[in-house]
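Enquirer: predicted model follows, preceded by the sequence.
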Amino acid sequence: MTTQDKARELMVQQRLQDEHLHESMLNRAEAAHPSGTEGMTQEEARELMAQQRHHEKHLHESMLNRAEAEVGLPSDNTNSSQECSLY
C-alpha cells in the first residue's frame, strides 16, 4: 500500500468517526432537550457547536499527527523550522 493510499484510508476513517461523533452529539442534545432542538436556546446551541468544533479540530490534529507518524513524515514544528531556514 502506498503512502497516498494509507493517507486516504486514514482520512476516510477520520471522516466516518467525525460523522459518528456529530450524530452522537445531536442525539445527546435531543435527549437533553426532549422537545428537540426547537426548545434549545440560542446560547445552548452556540455552546454545543463551539464544543463540537473544538472536538473536531482536536480529532483532525490527532489524525494528522498519526498519519504523519505512520508514513514517516516530520512534524509541523520541524517543517516550519526548515522553511524558515530556506528563506
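Expert: In hand now; what should we look at? Residues are numbered from 1 along each chain as shown.

Enquirer: looking at this structure, which helix or strand does the model trust least?
Expert: Among the helices and strands of the chain, helix 76-86 carries the lowest confidence by mean pLDDT, DSSP states H and E, at a mean of 45.

Enquirer: so where do the strands sit in this protein?
Expert: Here the chain has no strands by DSSP state E.

Enquirer: okay, now the unreliable bits of this protein?
Expert: Under the criterion pLDDT under 70, the flagged ranges of the chain are 33-40, 73-87.

Enquirer: and the helices in it?
Expert: Assigned helices in the chain, in chain order: 3-32, 42-71, 76-86 (criterion: DSSP state H).

Enquirer: how about CSV for those helices, with mean neighbour count added?
Expert: (C-beta placed from N, C-alpha, C; glycine too.) Below are the helices of the chain laid out as CSV (neighbours: other C-beta atoms under 10 Å):
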stretch, mean neighbour count
helix 3-32, 12
helix 42-71, 13
helix 76-86, 9
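
Enquirer: and residue 9, what does it touch?
Expert: By C-beta atoms under 8 Å, 6 or more residues apart in numbering, residue 9 lies in contact with residue 1.

Enquirer: let's number from 97 now, not from 1
Expert: Right, with 97 as the first residue, what we last looked at is residue 105.

Enquirer: how near is it to residue 166?
Expert: Applying C-beta to C-beta, to the nearest Å, one obtains 10 Å for the distance of residue 105 from residue 166.

Enquirer: ok, now residue 156?
Expert: According to C-beta to C-beta, residue 156 stands 16 Å off from residue 166.
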